[in-house]
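Asker: pasting the sequence and the predicted coordinates here, then a few questions.
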Amino acid sequence: MSYIDVLREAEDQVTPGASACQGCGGELILRTVLQIAGKNTILGVPPGCMAGAGSVGWNFNSGVRIPVTIPLLDNCASLFTGISQMYQRKGREDVNAVIVAGDGATADCGFQSLSGAAERNEKILYVCYDNEGYMNTGYQRSSTTTKGSRTSTTPLGSVINGKVQHQKYVPLILSMHGLEYCATASPSDMKDFVEKVQKGLAASKKGFAYLHVFSPCPTGWGYASDQCIAVARKAVKSNMFPLWEKDENGYKINKVIKDPMPIREFVQGISKFKKLTDEQIDSIQQMVDTRYAELERLAGKE
Amino acid sequence: MAERAYITPIADEDLYVLDTASWRVYRPVMDKSKCVECGMCMTYCPVRAIIGTDDKKYKITYDYCKGCGICAAECPRKAIEMVLEGGAE
């Protein structure tokens, strides 16, 4: 069954009218993950865009057709440890415990509970949609924000020119936890994304599965809403967001880009990168090259 | 309000639905003669407003479409056009 047929046949579990922005990458990710996970799923959404967009509901109404809970920003993985354990003890191993969290709830606030759950190898699928900031509250910087990005807490000015530090590469950190499955995906490469969600769901029956998904944000980043997929595609093509996975056979790069696009081209047309200096672009390029070389080394390409 | 037996409310009946179609400024219109039924528009639609029909074709539904324009930008045959709402059909 091809990935298009999977998406064609699967029932949408999210409310049709969710208040995510026009052209939201996160909404596409949430819907795709839940379409594949299906009805037999319990969902956790920590505070963030997808919780604010109505997936956890409003006024006693729920925003999805499956059980959903909104924990605190920092305890989603530990709450789901309990939920997953309860289902195991009741003999309901068939239930998918799925978390769809933003990068703030993954990389910053929720990192200790996520790291703990990954180390204990709890039977959860954790999907992070990485829009590189706290978009729900007006784009404050997070630890996955790219260097030089204009955010409301790292504005462009005479003292700093956007975020000073490089981003934290969370998927690689998580993959070192000895978990069952870890992968990065992008909504531009849907086939790869669908396969990874299926693989992640299967792996979550045995242990912890982590998916890090690139989620461009038209409102925060400043580009036209129809360019969402194009921006995600450019991120993959420039190796800014390489697609790889780690399973029982070790690391594997899923999409090898023969002639990577320069970062200078990737940042074109995105307003948060508007005032990048040459020095900053070179610095990002160097970070991207170093990171990719490290991944290649792990995947045994050299 | 009925007592909930689950950890969270389950919304088969009380689904929270917002009228997102009212946000739309541009309406996607599909030119059926150019369409090759590849399904890319459905795959990338964040709202899932494009659905597959029984005869293996695709159809745009306007009940919740926010008019983001991803379908028009991603269509390999440029079969979808964004038309200003209130203008000619």
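Answerer: Thanks, I have it. Residues are numbered from 1 along each chain as shown, chains lettered A, B, ... in the order given.
Asker: contacting residues around residue A:42?
Answerer: Contact analysis of residue A:42 by CB atoms under 8 Å, 6 or more residues apart in numbering or on different chains lists A:66-69, A:83, A:87, A:95-98, B:7. Every C-beta, even on glycine, is put in place using the N, C-alpha and C of the backbone.
Asker: that one is in what secondary structure piece?
Answerer: strand A:41-44 (DSSP states H and E).
Asker: quick one: contacts for the residue nearest to the spatial centre of chain B?
Answerer: Residue closest to the mean C-alpha point of chain B, counted by CA atoms, centre = their mean, is residue B:49 at 1.5 Å. Listed by CB under 8 Å, 6+ apart, the contact set of residue B:49 reads A:16, B:60-66.
Asker: re earlier: for PyMOL, what selects the buried ones among the contacts of residue A:42?
Answerer: Buried subset of the contacts of residue A:42, written as a PyMOL selection, criterion 16 or more other CB atoms under 10 Å in any protein chain shown:
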select buried, chain A and resi 66+67+68+69+83+87+95+96+97+98
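Asker: could you give the mean pLDDT of whichever strand or helix holds residue A:33?
Answerer: Element membership for residue A:33 (DSSP H and E) is helix A:25-37. Computed over helix A:25-37, the mean pLDDT rounds to 96.
Asker: likewise stretch A:171-181?
Answerer: Here the average pLDDT along stretch A:171-181 is 94.
Asker: other SSEs contacting the next helix or strand after the strand holding residue A:42?
Answerer: The helix or strand immediately downstream of strand A:41-44 is helix A:49-50, counting by DSSP H and E. Secondary-structure packing of helix A:49-50 (3 or more CB pairs under 8 Å, 6 or more residues apart in numbering or on different chains; DSSP states H and E): helix A:25-37, strand A:96-102.
Asker: out of these, which comes closest to chain B?
Answerer: helix A:25-37 (4.0 Å; CB to the nearest CB).
Asker: tell me the angle of that closest one relative to strand A:96-102?
Answerer: Using axes from the mean of the first three to the mean of the last three CA atoms, to 10 degrees, the direction of helix A:25-37 lies 170 degrees away from that of strand A:96-102.
Asker: ok, and does helix A:25-37 reach over to chain B?
Answerer: Yes - Helix A:25-37 is in contact with chain B by CB under 8 Å from any CB of the partner chain, via A:25, A:27-28, A:31.
Asker: name the residues of the stretch 151-300 of chain A found near chain B, please.
Answerer: Counting by CB under 8 Å from any CB, the residues of the stretch 151-300 of chain A near chain B are A:187, A:190, A:218, A:224-230.
Asker: what sits closest to the residue of the stretch 151-300 of chain A found nearest chain B if chain neighbours are left out?
Answerer: The nearest approach of the stretch 151-300 of chain A to chain B comes at residue A:226, 3.2 Å away (CB to the nearest CB). In this structure, residue A:226 finds its nearest non-sequential neighbour in residue B:69, 3.2 Å apart by CB to CB, 6 or more residues apart in numbering or on different chains.
Asker: who touches the one you found in this structure?
Answerer: By CB under 8 Å, 6+ apart, the neighbours of residue B:69 are A:23, A:224-226, B:26, B:28, B:82.
Asker: can you select the buried ones from the residues you listed in PyMOL?
Answerer: Buried residues within the contacts of residue B:69, by 16+ other CB under 10 Å, are selected in PyMOL with:
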select buried, (chain A and resi 23+225+226) or (chain B and resi 26+28+82)
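Asker: OK, contacts around the residue nearest to residue A:241 when sequence neighbours are not counted?
Answerer: Nearest residue to residue A:241, sequence neighbours excluded (CB to CB, 6+ apart): residue A:235, at 4.2 Å. Under the criterion of CB under 8 Å, 6+ apart, the contact list for residue A:235 reads A:186, A:188, A:214, A:216, A:241, A:266.
Asker: by neighbours, which of those wins?
Answerer: residue A:216 (29 neighbours; other CB atoms under 10 Å in any protein chain shown).
Asker: helix, strand, or coil at the residue most central in space within chain A?
Answerer: For chain A, residue A:129 is the residue whose C-alpha lies nearest the centre (CA atoms, centre = their mean; 2.6 Å). Assigned by DSSP: H, G, I helix; E, B strand; the rest coil, the conformation of residue A:129 is strand.
Asker: run a quick neighbour tally on residue A:233.
Answerer: Neighbours of residue A:233 (other CB under 10 Å): 19.
Asker: oh, that last question was meant for residue A:275, not what I typed.
Answerer: For residue A:275, using other CB under 10 Å, the count is 12.
Asker: and if you look at the one 3 residues further on?
Answerer: Per other CB under 10 Å, the neighbour tally for residue A:278 reads 8.
Asker: check which residues of stretch A:213-229 are buried.
Answerer: Those would be A:213-221, A:223, A:225-229, for stretch A:213-229 by 16+ other CB under 10 Å.
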